[in-house]
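Colleague: Sharing a model that was predicted from the sequence below.
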Amino acid sequence: MSKDYVIDEMISAKAIAARIEELAREIRGEFGDTPQLVLVGLLRGSFVFIADLVRELDLAVEVDFIEASSYGDAMESSREVRILKDLRSGIEGRDVLVVEDIVDTGHTLAHVIHMLKGRGPARLKTIALLDKPTRREADVKADWIGFSIPDEFVVGYGIDYAQRNRNLPFIGKVRFPG
Ligand code: IMP
């Protein structure tokens, strides 16, 4: 299948790695006292980010995942969020860090925060690699943000367009020439 779009690099692999080092330092500052932090990755887009982040965190961590429905194969977000896969572990009384790839309209993150808060964690914080603040509809902001970006459709570093380009090492923006 040939591609009818091009990808322009927006954030290099080196810049991502440097930012993750900084974020990991801040997260260690916040959670350094926890017996075991539960990292909750939102599938599928966060799988590369969480893999790099967890290796920068010099903490006892458990890694778990939630899959929430979002774009499907389209470029527009749906406002209705469904949970397709839930956590394996209970989080009551535990410290939790939700790891998201992009906060766009914010509906996904808002839904997941609401759901997890209902389970009584001790602390619940959120981190997103990318934030598109101009697209926000739900009243939500991640506690840590890697990069704030303009309203562009991006791919790479775990993030897809129609299930492709997750394996690019950088973040690129999708452009349709002509
Ligand atoms: P939200 O619920 O609108 O905040 O959407 C969040 C989810 O939509 C993210 O976790 C991504 O999976 C997806 N998403 C948002 N923006 C983009 C993009 O630019 N490229 C690819 N996926 C995106």
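Modeller: Great, that's in hand.

Colleague: Now the nearest residue in space to Ile7 that is not next to it in sequence: which helix or strand?
Modeller: What sits nearest to Ile7 in space, not counting adjacent residues and going by C-beta to C-beta, 6 or more residues apart in numbering, is Gly172, at 3.9 Å. Using the backbone N, CA and C atoms, a C-beta is placed for each residue, glycine as well. Per DSSP states H and E, Gly172 falls inside strand 171-175.

Colleague: Measure how far that strand is from the centre of its chain, please.
Modeller: Distance of strand 171-175 from the chain centroid (C-alpha atoms, centre = their mean, to the nearest Å) equals 17 Å.

Colleague: Next: stretch 169-178.
Modeller: With C-alpha atoms, centre = their mean, you get 19 Å for stretch 169-178.

Colleague: likewise stretch 55-63?
Modeller: The answer for stretch 55-63 is 16 Å, by C-alpha atoms, centre = their mean.

Colleague: per-residue confidence at Ser2?
Modeller: pLDDT recorded at Ser2 is 59.

Colleague: next one: the one 3 residues further on
Modeller: In this model, Tyr5 is scored at 95, pLDDT.
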